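1. structure of the sequence below:
(chains A and B)
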Amino acid sequence: MDRYDPAEIEAKWQQVWKEEQSFVVVNPADAAAADRSRKSYVLEMLPYPSGTLHMGHVKNYTMGDVIARFRARNGFTVFHPMGYDAFGLPAENAAIKTGLRPAELTRINTDNINQQLHRLGVSIDWSRELATCDPGYYKWTQYFFLRLFERGLAYRKEASVNWCPSCATVLANEQVVQGSCERCGSTVEPRSLAQWFFRITEYAEQLLKDFELLESWPERVITMQRNWIGRSEGAEVIFRVADLEIDIPVFTTRPDTLFGATFFLLAPEHELVGTLVDGTEYENPVRDYVTSARLKPLVDRAVADRDKTGEFTGRYAINPVNGESIPIYVSDYVLMEYGTGAIMAVPAHDQRDFEFARKFGIDVRVVVSGEGAGAGDGPALDAAFEEEGLMVNSGRFDGMPNREAGSAITEWLSVEHLGRAAVSYRLRDWLVSRQRYWGAPIPVVYCEKCGVVPVPKSELPVLLPEVEDYAPRGKSPIATNEEFVNTTCPACGGAARRETDTMDTFVDSSWYFLRYTDPHNDEAAFDRDAAGYWMPVDQYIGGVEHAILHLMYARFFTKVLHDLGMIDFREPFKNLFTQGMIYYQGAKMSKSKGNVVNPDEHVERYGADTLRLYILFVGPPELDVEWQDQGIEGSFRFLGRVWRLVNEIVEKTGAAPAAADFRGAGDGAAALLRKTHQTIAKVSADIGERFRFNTAISAVMELVNETYLAKDSLLADEQGAAVMRFVAGSVVKLLDPFSPHICAELWQRLGHERLWQEPWPQADAAYLEEETYELVVQVNGKVRDRLRMPASAGREELLAAARASGRAARYTAGKQVVKEVIVPGRLVNLVVR
RNA sequence: GCCGAAGUGGCGGAACUGGCAGACGCGCCGGACUCAAAAUCCGGUGGGGCUCACCCCCCGUGUGGGUUCGAUUCCCACCUUCGGCACCA
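-> Numbering: from 1, shown residues only, chains lettered A, B, ... in the order given. Predicted structure coming up:
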């Protein structure tokens, strides 16, 4: 018997798969009419090509491959493409360091990853490979930008935005974590800049509602998105500024507390602040306050337990429900980006307002009174009362439950044209401009005469020009390329300047799954029927770190494309699986912590089959797991064990077929057959239904262990040998999705061809049933005996056997049996007193 | 502070619908093979007690309570760890 040599076997089969194009699928000739019931689109999040793949990728792509191979063997036409999220800052930063052009560097990295994926033996349709930095791809990213622009969904606006000083670019809200840049960790600064946004807020309601179209998504991902979108129901109420003919609307979720409003607040950025104070004695202090608030880092401003600050404007607002004049202040705890940037403040029922009122000596008026609440009056309160209760001090609404009163007040406001029911979202529009080089140029020009003019479709792509220096200077490096910048206006033919910002790379990855369906199309981003045939993605797999970012942007894009009439579905990913992270030495594997385990070294040392097997065996795929250096050794040993077992069977039984019917086989053979069918059933369910690859693998290990023990006696006779061949074939088939190379090889040695085209084994119910089982006999819930019983035994028989048990009798002697619990197939519990 | 996930041997982890806790793997211990070692094959391995000959008994799934004949599993309270959100009116 030759030794198990993974390097040789893996190269051999990878070559076969490449030559035969084993995993290439073609679009149906008439995609619109084709039967879609047996197609399955299995997709893993595309990698960002930063050098090489890490263990997280290996886990991601192995999981996807197990599902892809499993479905293919179960009769599905599996669509399993791959590409590269190739634009982005790291390539550019590395280019600045190494002097290589980002395009070159990216090419090197994608080639490298392509090779790594081949070496892992992932069953990918390589004919559809794409990179988002190819002009043939980003042409369509730019095209979508223009379609959004046409619809008013892409717009340019001057706003206070998040600026990362270290990346020297602006960031979307989603890319700011706790006031810091998601990528580099620097503290983000506010800056007022004119930037391009996508109007994702327009889709806030759809993004929430369409969760119901999803088949299976992790609940926590849905929750995270729901929280991020942050829908609040309430009312918009109009307050008039006394002495000035100005109306200021506010948004509140508590219209029931309107009678308790004792002051009014504007965000420092509110456009009316100047109007209120200009020319008054309050102008200077208020302007000073606004200036300092604007300079404050966003992190500092977002801290909840910070002392409340503010400035009185000298103006008063009139409360529409009771005509009272309440003072207007400016305070930085009011955010311009949320609601209307102005609020009515009800200190008795909002903790933040309460703190402000106490500091500034403003009245606190209770209008909702409930149990445990300071039913007492304002001065007695030591905290805001935010619970439910009955209305007081609220005119004709007194005595009503506050929830009811909220609706009644909103209704009344609406009749009087002083307000209306309203919904507000926490979600902000998606800021897509970036002042960096390595991205898709935003396809617009600025003309002195015509203003903002979109580049016509026929002139796409707007090619990313070469530049001398990629270093970020607060402006896109492209801005230095005069040849690029200076152009003519597509509308009037006059002189114009190109936009020099590039798009956020999350735009690129918001539609790549559609491009795979028709990757070489020059006429369109994709063919409608091809996309309609393959989409939506049946199983999407990736890291939970994209719960909000990529997954929400891709959902948004899909909805826009639906509304543009380009596709018929509104959700891109029907089922989502989020994998856990890999820990090592107690911490997340990361370059900065220096605790990375390099997959290449392990492929070299043990082979891809072992690495794939181990990474899924180490624990449940959705949980974070700990990488153990010695653990992988065990997986390698196991594959060696399988190798020797199957080879020995081949050597000793020759090419004799595995007999189909083993009825009448000896006891040992029958037991092993039963185990085999049980294993087939378990592995099928674990992969197909539960995604529990670790237990599927351990089930195969059990079968292999039992086979080793039965081996010598079974190989002694002909029928036993036939059983052994059947078992060997089953082991190889069951293990194939995890470790496809060794299985392909062993399958060939068993006298067959192309394991990856074999149908998945089916468990025969006739073998699953055990004839006897071990009945547990309990006394008062404690196990006292185990009896072998026929599977057919009835309740009476089980009870009689339990009562006859001598061991159990020791605990029932002299006592009275007050209850008998009989669970056929499991146990009998005698309850004694 | 709010929301979510998790807590089981020396370690990674099993236990599907409330029914034998610790599958499988790692590590460790012992045996076989070998001049020897590696590799391989076989066996043992939660803790404690015992007339420790493997009979047998007790304890044991983060902590404390509860429901139940029976709880790793369900309920309540708490502790710890990780993730998300956090002045969003």
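2. surely A:Phe264 is within a helix?
-> No. Inclusion of A:Phe264 in a helix is not indicated when DSSP: H, G, I helix; E, B strand; the rest coil is applied; the result is strand.
3. residues near it, how many?
-> For A:Phe264, the count of nearby residues is 24 (other Cβ atoms under 10 Å). Where you see a C-beta, it was placed from the backbone N, CA and C, and this is true even at glycine.
4. how about A:Asp522?
-> Burial of A:Asp522 is recorded as 6 neighbouring residues (other Cβ under 10 Å).
5. contacting residues for it?
-> For A:Asp522, the contacting residues are A:Gly136, taking Cβ atoms under 8 Å, 6 or more residues apart in numbering as the criterion.
6. mind checking how far it is from RNA strand B?
-> Here the distance between A:Asp522 and RNA strand B works out to 40 Å (Cβ to the nearest atom of the strand, to the nearest Å).
7. and the pLDDT for that residue?
-> Looking at A:Asp522, its pLDDT is 94.
8. again, but for A:Pro379
-> pLDDT recorded at A:Pro379 is 67.
9. please apply the same query to A:Ala721.
-> Looking at A:Ala721, its pLDDT is 89.
10. who in the stretch 401-550 of chain A is up against RNA strand B?
-> Listed as neighbours of RNA strand B in the stretch 401-550 of chain A under the rule Cβ under 7 Å from any atom of the strand: A:424, A:426, A:544, A:548.
11. from the residues you listed, which is closest to RNA strand B?
-> For RNA strand B, the nearest member of these is A:Arg426. The distance, counting by Cβ to the nearest atom of the strand, is 3.8 Å.
12. hmm, A:Gly339 and the closest one touching each other?
-> No. Taking Cβ atoms under 8 Å as the contact criterion, A:Arg426 and A:Gly339 are not neighbours in contact, 10.0 Å apart.
13. kindly reformat the residues of the stretch 401-550 of chain A next to RNA strand B as CSV containing neighbour count.
-> Converted to CSV, those look like this (neighbours: other Cβ atoms under 10 Å):
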residue, neighbour count
A:Ser424, 19
A:Arg426, 16
A:Val544, 19
A:Ile548, 17
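14. I'd like to know which of those residues is nearest to A:Val642.
-> A:Val544 (33.1 Å; Cβ to Cβ).
15. wait, what's in contact with that closest one?
-> A:218, A:220-221, A:578-580.
16. ok, those vs RNA strand B, which is closest?
-> Within the set of these, A:Arg220 lies nearest RNA strand B; the separation is 4.0 Å, counting by Cβ to the nearest atom of the strand.
17. can you tell me the SS state at the closest one?
-> Going by three-state DSSP: A:Arg220 is helix.
18. quick one: it from A:Ala547, how far?
-> For A:Arg220, the distance to A:Ala547 under the criterion Cβ to Cβ, to the nearest Å works out to 7 Å.
19. try A:Ser739
-> Relative to A:Ala547, A:Ser739 is positioned 31 Å away (Cβ to Cβ).
20. same check, this time on A:Thr291
-> The span separating A:Thr291 from A:Ala547 equals 37 Å under the rule Cβ to Cβ.
21. of the two, who's got more company?
-> Counted by other Cβ under 10 Å, A:Thr291 and A:Ala547 do not tie: A:Ala547 has more neighbours, with 21 against 11.
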